[in-house]
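In: Got a predicted structure here, sequence first:
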Amino acid sequence: MSENTQHRMDQIRQEVEALRRGITDLISCSATQRQSLQQIYLATSDAAHRLLIQETLQGCTSTEGTARQIASRMPILENQLSRLRADTTALDKEHDQLLALSEVGAVIGSTLDQAEVLNLVMDNVIKLTGAERGYIVLRDEETGNLEFMIARGMDQETLEQRSSQVSRTIVTEVAETGEPVVTTNAQADPRFHAQESVVSYSLRSILCVPLRVRDQVIGVMYADNRIKSGLFGERERDLLAIFANQAAVAIDNARLFARISYAQRLMANIFASIPSGVITTDTLDKITLFNRAAESILGVQTGDCQGHHYREALVPLDAVLPPLVDQVKRTDTAIQDFEAEPEIPGRGQISLNVTLSPLKDAENETQGVAIVFNDVTERKRFERERGMVKRYLPAELVDSLADMQELHLGGTREEVTILFADIVGFTSYSERRDPEQVVETINRYYEQITRIIRENEGIVDKYEGDAVMAHYGTPLRPLEDHAWKAVLTAWKSRLAIRAYHEQIDPDDRLYLKFGINTGEAVAGNVGGQEQMDYTLIGDAVNLSRRLQENATGDQILLGKNTYLLVQDKVKARELEPLQVKGREAKAEVYEVIDLL
C-alpha cells in the first residue's frame, strides 16, 4: 500500500473511532438525562410542568434509541472499513507485483548471460511471491533429464544442496504435464500429504509453474515456504505463470546465445588452427575474416586487413585475386585449385593453390566471397627435387620419401661398393650394324643388368656408352652388406645374359665384364643449377673402373677390400697384382669363380 493511501485509511479509521466514542458518550448522556427527567417528573405535581417534562423525556428516549441503533451498526461500518483496507492492500500489492513484473521483464531482457538471467529470475520470483526459497529446474537439451540449475533464498543467497529438500514429484509432474501446481498447505493437501519429501521437509506453501517456449516445456519454476501456510493462491499462481513465460524466453535466449558463442569460439579456433589460409569478404569486398594461417603465408597482420577492402590490404595478391573474385561474384560459382606464384615481401616468390566460392547465408543469399589458399611452395620444391632424383633412384623409393632431406644429397664421405659393367666387343659390333639396331641391342642388355641392380638394392649412377656404373651402400640407399649385393648383381647378371643368349641370334650375342671395389668415396650431387647428378668421387671408384677395364668377357674381378668382405660367400682365385694408373703400389685382384 502506498504511503498516501495508508495515511488516508488511517485518518478514516480515526474518524470512525471518534464517531464510535461520540455515540457511546451520547447514549450514556441520554440515559443519565432520561433517569433525571423521570425523577423530576415523579416529583412534580404541576400538570403543565409534567407535560413539558414528559415531552422532553420522550425526545431524550428517542435520541438514545437512535444513538443505540447507530452504535449497533458501527461494527458493520468497521468491518466494511477493514475489508476496504484489505482490498486496497491487495490492489496495491497487485499493482506493485505488476509493476515489478514489468521491471523484471526489462531487467532479464537486458542480459544474455545464463547464470545472471537465472539469478535475476529467481530473486524476483521470491520478491513477487514472498516465498522462502526458489528453484529453477531446466531440462537438459541433449538427455532430456531435469537438472537443478539455481537455488536462491529470500536473502538472495545461493542455497547449498539445492535439490535435496524439494518435492521432486511436483517438479516432475509440472514438467511432464505443463500444468501449474499450487497448494496452500501441502501437509494437509490430499494430493501431496503422503509424499515422503513433503512430510520429511515440512513443506507447506508450494507453487510450481512450467517454463514454456514455443509450446515446449523447457523446465519449471518452483517456490515454497516451509513455515507459512496459505501463502500462495490463484493470483500468485497466475502472476508467476506470466512471469515464467517471460523468464522462459529470457532463459532460452541465454542458452541460444551460449550455444552461438560456443560455436563462434569453436569456429574461430578451427579457423585459427587449420593450415590453410582463409579470407572472407562481404558484399562491399571488405575483409571480414582473416585467419592465423593467412597471416603466416602472406606476411600480413589481421589488424591491417580486417574491415579493409581486400585490394588495399592484400597488395601482393592484386594481380591474382581481383579477376577471380569478380568471376565468382558474377557467376555465383566456385573456382577450384587456381595456381598462382605471387611475390611476397620477406619470402620472395611462393606457390599458392587458391579456391574461391560464394559465401552464402542461411537463406542461400550470397553475402561475399570465401577465399581459401594453401602454400604449396615446399611441395613444389619437393616435386622438383624428386623429379631430379628419380633419374637415378627407383621411382617407388623416391615416392616413399616424405622429404628429400632423407636422401642427404649433400657431399658425404662414405664406405661404399662400386660396380662397373662393360659390354665386350661393342665397338666392332656397332660398326657392322645400323644405328637403330645398335641402340636397340644395347638397351636390351641395359634392361637386363639395370633390373638386377635394382633387385639387389643398388643404384644406377650413370650409363657411359656401352658401360654402366652402379653403387651400393650410399646415403641414398644405405646397406650393411653392400659388397655382397654388388657381387650378387654381377653373378646374376652374367647368368641372365647367358640365358638371354639362348634366345637371340649368335651374331647378336655380347658379353659383360665386371669390376667391383669397396672403399671410401665422396657421395653427393655434382653439377650446376640446370644439370646435376648424384655420383661418387674417389680412388675406390677409379680402381673399380680399372678392374672392369682389365677384365675379359664374362669375367668378374674384385678388389681386395671387396673380396675380404665376401670371401665366405664366394669361390675366387687370386690373380696377378694389377698396376693401376695413378697408384705406385699394385692392386690385389680376385676373380669370382662360383658362389658358395
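Out: That came through fine.

In: correct me, but Leu57 touches Gln39?
Out: No - Leu57 is beyond contact range of Gln39, at 10.6 Å (criterion: Cβ atoms under 8 Å). Yep, even glycine has a C-beta here, placed from its N, CA and C like the rest.

In: So these two - more neighbours on which side?
Out: Between Leu57 and Gln39, Leu57 has the larger neighbour count (other Cβ atoms under 10 Å), namely 18 against 10.

In: Please compute how far stretch 294-314 lies from its chain's middle.
Out: 24 Å (Cα atoms, centre = their mean, to the nearest Å).

In: Any buried residues in it, and which?
Out: Ala294, Glu295, Ile297, Leu298, Val300, Cys305, Tyr310, Ala313, Leu314 (16 or more other Cβ atoms under 10 Å).

In: Kindly reformat those residues as CSV containing secondary structure and distance to Ala244.
Out: Shown next, in CSV, are the buried residues of stretch 294-314 (DSSP: H, G, I helix; E, B strand; the rest coil; distance: Cβ to Cβ, whole Å):
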residue, secondary structure, distance to Ala244
Ala294, helix, 48
Glu295, helix, 49
Ile297, helix, 53
Leu298, helix, 53
Val300, coil, 52
Cys305, coil, 47
Tyr310, helix, 50
Ala313, helix, 50
Leu314, coil, 53
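
In: between these, which is nearest Ser72?
Out: Cys305 (92.7 Å; Cβ to Cβ).

In: so how far is Met122 from the residue nearest to the closest one when sequence neighbours are not counted?
Out: Using Cβ to Cβ, 6 or more residues apart in numbering and skipping residues adjacent in sequence, the residue nearest Cys305 is Ala313, 4.1 Å away. Going from Ala313 to Met122 by Cβ to Cβ, to the nearest Å gives 49 Å.

In: So which residues make contact with the one helix or strand Thr489 maps to?
Out: Using DSSP states H and E, the element containing Thr489 is helix 482-501. The contact list for helix 482-501 (Cβ atoms under 8 Å, 6 or more residues apart in numbering) reads 416-419, 421, 444-445, 448-449, 452-453, 455-458, 470, 472-473, 479, 509, 511-512, 514, 516, 518, 554, 556, 558, 561-562, 565-566, 569-570, 592, 595.

In: next helix or strand past that helix?
Out: strand 511-527.

In: Dump that next one to PDB, restricted to CA.
Out: Presented in PDB, the C-alpha positions along strand 511-527 are these (Å, rounded to 0.1, in the frame of the first residue of the first chain):
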ATOM      1  CA  TYR A 511      79.200 -60.400 -73.100                       C
ATOM      2  CA  LEU A 512      79.700 -58.300 -70.000                       C
ATOM      3  CA  LYS A 513      82.800 -57.900 -67.900                       C
ATOM      4  CA  PHE A 514      82.700 -56.600 -64.300                       C
ATOM      5  CA  GLY A 515      84.900 -54.600 -62.000                       C
ATOM      6  CA  ILE A 516      83.900 -54.300 -58.300                       C
ATOM      7  CA  ASN A 517      85.700 -52.500 -55.500                       C
ATOM      8  CA  THR A 518      84.900 -51.300 -52.000                       C
ATOM      9  CA  GLY A 519      86.300 -48.300 -50.300                       C
ATOM     10  CA  GLU A 520      85.800 -44.700 -49.200                       C
ATOM     11  CA  ALA A 521      84.300 -42.200 -51.700                       C
ATOM     12  CA  VAL A 522      82.600 -38.800 -51.500                       C
ATOM     13  CA  ALA A 523      78.900 -39.200 -52.400                       C
ATOM     14  CA  GLY A 524      76.800 -36.200 -53.400                       C
ATOM     15  CA  ASN A 525      75.200 -34.000 -56.000                       C
ATOM     16  CA  VAL A 526      77.600 -32.800 -58.600                       C
ATOM     17  CA  GLY A 527      76.800 -30.200 -61.300                       C
END
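
In: tell me the angle it makes with helix 482-501.
Out: With axes from the mean of the first three to the mean of the last three Cα atoms, to 10 degrees applied, the angle from strand 511-527 to helix 482-501 works out at 130 degrees.

In: List the buried residues in strand 511-527.
Out: Within strand 511-527, the residues scored as buried using 16+ other Cβ under 10 Å are Tyr511, Leu512, Lys513, Phe514, Gly515, Ile516, Asn517, Thr518, Gly519, Ala521, Ala523, Gly524.

In: just stretch 217-237 next, same as before
Out: In terms of neighbour count (16+ other Cβ under 10 Å), stretch 217-237 has its buried residues at 217-225, 231-232, 236-237.

In: Same check on stretch 354-370?
Out: By neighbour count with 16+ other Cβ under 10 Å, stretch 354-370 contains the buried residues Val354, Thr355, Leu356, Ser357, Pro358, Leu359, Gly368, Val369, Ala370.

In: Need the residues that contact that stretch.
Out: Residues outside stretch 354-370 that contact it (Cβ under 8 Å, 6+ apart) are 278-283, 285, 288, 320, 324-325, 328-329, 332-340, 371-373.

In: Any quick ChimeraX command for the buried ones out of those?
Out: Here is the ChimeraX command that selects the buried residues among the contacts of stretch 354-370 (16+ other Cβ under 10 Å):
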select :278,279,280,281,285,288,320,324,325,328,329,335,371,372,373
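
In: which of the contacts of helix 482-501 are buried?
Out: Counted by 16+ other Cβ under 10 Å, the contacts of helix 482-501 give 416-419, 421, 445, 448-449, 452-453, 456-458, 470, 472-473, 479, 511-512, 514, 516, 518, 556, 558, 561-562, 565-566, 570, 592 as buried.

In: Next step: those restricted to strands.
Out: 416-419, 421, 470, 472, 511-512, 514, 516, 518, 556, 558, 570, 592 (DSSP state E).

In: All the helices of the stretch 251-400 of the chain, residue numbers only.
Out: In the stretch 251-400 of the chain, the helices defined using DSSP state H, counting those that start in this stretch lie at 292-298, 310-313, 321-331, 377-389, 395-399.

In: Touching, Ala50 and Tyr41? I think so.
Out: Wrong residue type there; residue 50 is Arg, not Ala. Yes - using Cβ under 8 Å, Arg50 is in contact with Tyr41, at 6.1 Å.

In: name the helices or strands packed onto the strand or helix carrying Gln39?
Out: According to DSSP H and E, Gln39 maps onto helix 3-43. Packing partners of helix 3-43 (3 or more Cβ pairs under 8 Å, 6 or more residues apart in numbering; DSSP states H and E): helix 47-108.
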